[in-house]
Every structure is written in structure tokens, then in C-alpha cells.
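1. starting from these lines, generate the structure:
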Amino acid sequence: MAETSGVLTIDLDAIAANWASLRARHAGMGGGEVGAAVKADAYGLGAARVAPALAAAGCRHFFVAQLSEGMALRPALGPEPMIMVLNGFPPGADEEAGLIPVLNSPGDIAAWSGTGRDVLLHLDTGMARLGLTPAEAEALAADPSPLKGMRVRYVMTHLACADEPQNPMNATQAARFAALRARLPTAPFSFANSAGLFLGRDFASSLARPGCALYGINPTPGRPNPMRPVVRLSVPVLQVRDIPAGTPVGYGASWVAPRPSRIATVAAGYADGYLRSLSGRAIGRHNWQDVPLVGRVSMDLSTFDVTDHPAITPGSMIELIGPGNSADEVALQAGTIGYEVLTALGTRYRRAYTQTA
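-> Here you go, the predicted model:
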């Protein structure tokens with residue numbers, strides 16, 4: 001029987017190769033270890049499969065955002081790799097899973113003081129989100145006693161503008177981070193994200209923590225993508241119909257056929273993460289040829305003009321993400337970023353993981 005739902009193919013070998021490439025780059029910068037951000041279910045690609053593939057490649061440091069993500073990941077990784085929770089969590093909440101909280105405020109520090117646990121200390125150097133403010137970091141430097149009774153495995157900060165190499169904010173954050181660390185008790189430090197790994201030696205650290213680049217997103221916008229592609233998304237054509245010129249297609253009658261046309265309806269919509277903002281702007285691919293999306297993306301279905309592609313029939317597959325139409329390119333069509341395209345991918349696709357035995 002022909003496919004009736006989309007197929008999301010995820011290349012685990014490519015993810016592992018991307019991690020190895022970033023590790024070599026960080027070493028060339030004079031840096032140390034390289035971890036992996038696997039938050040948001042490994043950017044929508046399935047942390048339970050992605051993280052073990054990275055561990056097999058040598059990764060020993062994993063970052064998630066929420067406690068529940070860390071708890072779900074521990075059985076997949078076993079007891080040894082470090083799993084660090086960026087949003088933090090209260091003492092005892094990890095039920096002996098051995099997760100490591102990121103401490104983002106003086107309140108977090110007070111809660112974990114004296115517990116004997118490993119922690120990360122987050123300094124805010126320019127994001128104004130989580131992390132100790134400069135004033136709070138200065139106060140901690142003046143009186144580091146709240147850090148007693150815990151082991152600060154890394155001091156970390158997060159870059160705001162790493163994907164803009166010429167942005168002066170990068171150098172400002174590097175200087176702020178160095179100045180604050182110099183006043184705190186000595187500890188290894190964690191700095192560069194994916195794009196930060198392409199900013200040079202000033203952004204090397206004890207532990208880099210790339211995310212998007214592992215999954216094939218370009219960490220160097222405006223330049224050729226140095227990462228291997230990871231994702232292909234193909235969806236089946238459910239129906240093809242011939243319509244006369246002047247026939248509207250889809251909700252709102254937003255597209256009207258300018259000529260006699262053939263319209264293919266495929267099994268993907270915004271409930272599957274195929275963003276509604278792609279309406280009238282995106283392309284699909286069939287046999288390496290572009291096929292334009294017409295009409296509005298609806299919850300479960302989208303429509304493509306296949307007038308010039310007579311080989312497309314019910315059961316044919318149209319590729320929504322893949323060579324020639326990467327997640328970054330789909331994001332450009334949608335007016336967003338590749339991160340959103342990946343993390344929005346829904347659960348209704350059949351997932352096919354490829355990996356060399």
C-alpha cells in the first residue's frame with residue numbers, strides 16, 4: 001500500500017559527522033570538549049535516537065532545556081554522560097537520575113548550596129534572559145561562600161549575536177565573560193554555541209555546546225553551509241485533479257488558477273509543522289525539479305501546482321525538505337529560521353533513521 005503520511009528521514013551518521021567536525025574545529029581554536037544541545041527533542045529529530053548516536057561518536061556532555069527532557073534522556077544514554085538542564089530544577093527533583101542543574105539566579109545558588117552536587121553557573125553577559133546579572137556576579141565574587149558545598153563543573157554564558165560575525169556584541173560579551181570569570185573561583189568554562197565556533201580563538205572554551213549545526217542548519221548565514229545535511233521530508237500525493245482556469249484553490253480562495261491546471265494535494269499541513277506562513281511562497285521538489293506550493297497550507301493538507309509535471313500522480317512523493325530545499329531555505333520561504341522549521345516537525349510523519357551499522 002502506498003504511503004499515506006509523510007516520511008521524515010534523519011541521517012544519524014551525518015549528525016555524528018557534524019559533531020566530529022565541530023570538535024575538530026574547536027580543538028583547532030585551542031578549545032576543549034564539545035557537547036551537544038539536544039533540547040526540544042534534539043531540535044525535533046528525536047533525542048532518544050540522536051543522543052545515543054552522538055555518544056557513540058564520543059560526545060559526553062548533553063544539554064537539555066527542561067527537567068522532563070533530562071529525565072527522559074537518561075535511560076537512552078546510561079549513567080555516564082553528563083546531562084545538563086539549562087532551565088535548572090530544584091534539589092531532589094531529578095529522582096537520582098544524576099542530572100546537572102544550571103544555576104541562573106542567587107535563589108538557585110542558595111537552593112543548591114551545601115548539597116554536594118555538580119552544578120553549572122550561568123552568567124548573563126548580554127542576553128538579559130537567564131543567568132546572574134553582572135551585579136549579582138560581582139556580589140558572588142565578593143562573597144563566594146554560597147558556592148561552598150557544591151561542585152561548579154562549568155561557568156557558562158550564552159552569545160546573543162554569534163551568527164553575525166561583525167556584530168560588536170560578540171567581542172563585548174567575550175570581554176565581559178572573561179572579566180567576570182577572573183573574579184570568581186576558578187572553574188572550567190563553557191562559551192561557544194554553533195555559530196560561536198566560527199568566531200575564532202577568543203571564543204574557545206573548556207566546553208563548547210553546539211546545537212543547530214549538528215542538525216544541518218547553517219551556523220554561518222550568508223556563507224556556504226559547512227555542515228552535512230541531516231533531514232529529508234517527503235510527503236505523498238493523495239489526489240491529483242484537473243481544474244479550469246479561474247478556479248480558486250484552498251481556504252480563502254487566495255490562489256486562482258491562471259490557466260488550466262493540475263493540482264496535487266499532499267498529506268502535510270501546519271499540524272505537521274509545515275508552517276502556514278509558507279502559503280503561496282514555498283516549493284516542493286520532485287525528481288530534482290521545483291514544484292510550487294499554491295493556496296494556503298491547511299491543518300492536514302497542502303496543494304501544489306503540478307501542471308508542468310505530468311509524472312506526478314497519486315502515490316508520488318513530493319520532497320518538502322531535502323537537497324536543493326534545505327531547512328534553512330524552507331525557513332527563508334516562511335520568513336523564519338531553520339531552528340523553527342526543525343522543531344515544528346510534527347509526530348505524524350513516519351520517521352526513518354539511517355545509520356551505518
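2. residues in contact with the helix or strand containing F304?
-> Per DSSP states H and E: F304 is located in strand 302-305. Under the contact criterion C-beta atoms under 8 Å, 6 or more residues apart in numbering, strand 302-305 has outside partners 249-250, 257, 261-266, 268-269, 274, 278, 284, 291-295, 318. (C-beta placed from N, C-alpha, C; glycine too.)
3. tell me the first helix or strand C-terminal of that strand.
-> Downstream of strand 302-305, the next assigned helix or strand under DSSP H and E is strand 317-321.
4. what mean pLDDT does the helix or strand just after that following strand get?
-> Per DSSP H and E, the first helix or strand lying C-terminal to strand 317-321 is helix 327-334. The average pLDDT for helix 327-334 rounds to 97.
5. in which helix or strand would I find the closest residue to P52 other than its chain neighbours?
-> Leaving aside its sequence neighbours, P52 sits nearest to A76 (C-beta to C-beta, 6 or more residues apart in numbering; 5.6 Å). A76 is located in helix 67-77, with elements delineated by DSSP H and E.
6. hey, C-alpha coordinates of that helix in PDB?
-> What follows is helix 67-77 as a C-alpha-only set of coordinates in PDB (Å, rounded to 0.1, in the frame of the first residue of the first chain):
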ATOM      1  CA  LEU A  67      13.900  18.600  33.700                       C
ATOM      2  CA  SER A  68      11.500  16.400  31.900                       C
ATOM      3  CA  GLU A  69      13.800  16.200  28.900                       C
ATOM      4  CA  GLY A  70      16.700  15.200  31.000                       C
ATOM      5  CA  MET A  71      14.700  12.500  32.800                       C
ATOM      6  CA  ALA A  72      13.600  11.100  29.500                       C
ATOM      7  CA  LEU A  73      17.100  11.100  28.100                       C
ATOM      8  CA  ARG A  74      18.900   9.400  30.900                       C
ATOM      9  CA  PRO A  75      17.700   5.900  30.100                       C
ATOM     10  CA  ALA A  76      18.700   6.300  26.500                       C
ATOM     11  CA  LEU A  77      22.300   7.400  27.500                       C
END
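7. just checking: what are the partner strands of the following helix or strand past that helix?
-> Next along the chain after helix 67-77, taking DSSP H and E as the criterion, comes strand 82-85. Here strand 82-85 has these sheet partners by DSSP bridges: strand 61-64 (parallel), strand 100-103 (parallel).
8. so G44 sits against E340, correct?
-> No. The pair G44 and E340 fails to qualify as a contact (C-beta atoms under 8 Å) at a distance of 9.5 Å.
9. which one's more surrounded, the two?
-> Using other C-beta atoms under 10 Å as the criterion, G44 and E340 rank with G44 on top: 22 against 18.
10. how much space between the more buried one and A192?
-> In this structure, G44 and A192 are 23 Å apart, going by C-beta to C-beta, to the nearest Å.
11. quick one on the thing from earlier: the helix holding A76 - what's its average pLDDT?
-> On average, helix 67-77 scores 97.
12. that helix packs against which elements?
-> Helices and strands touching helix 67-77, by 3 or more C-beta pairs under 8 Å, 6 or more residues apart in numbering; DSSP states H and E, are helix 39-44, helix 47-57, strand 61-64, strand 82-85.
13. what separates I100 from P323, distance-wise?
-> Look at I100 and P323: by C-beta to C-beta, they are 38 Å apart.
14. ok, the two, which is more surrounded?
-> With neighbours defined as other C-beta under 10 Å, I100 and P323 compare such that I100 has more, 23 against 10.
15. does the more buried one touch L121 like I think?
-> No. I100 is beyond contact range of L121, at 11.2 Å (criterion: C-beta under 8 Å).
16. who's in contact with Q66?
-> Contacts of Q66 by C-beta under 8 Å, 6+ apart are K39, V85, N87.
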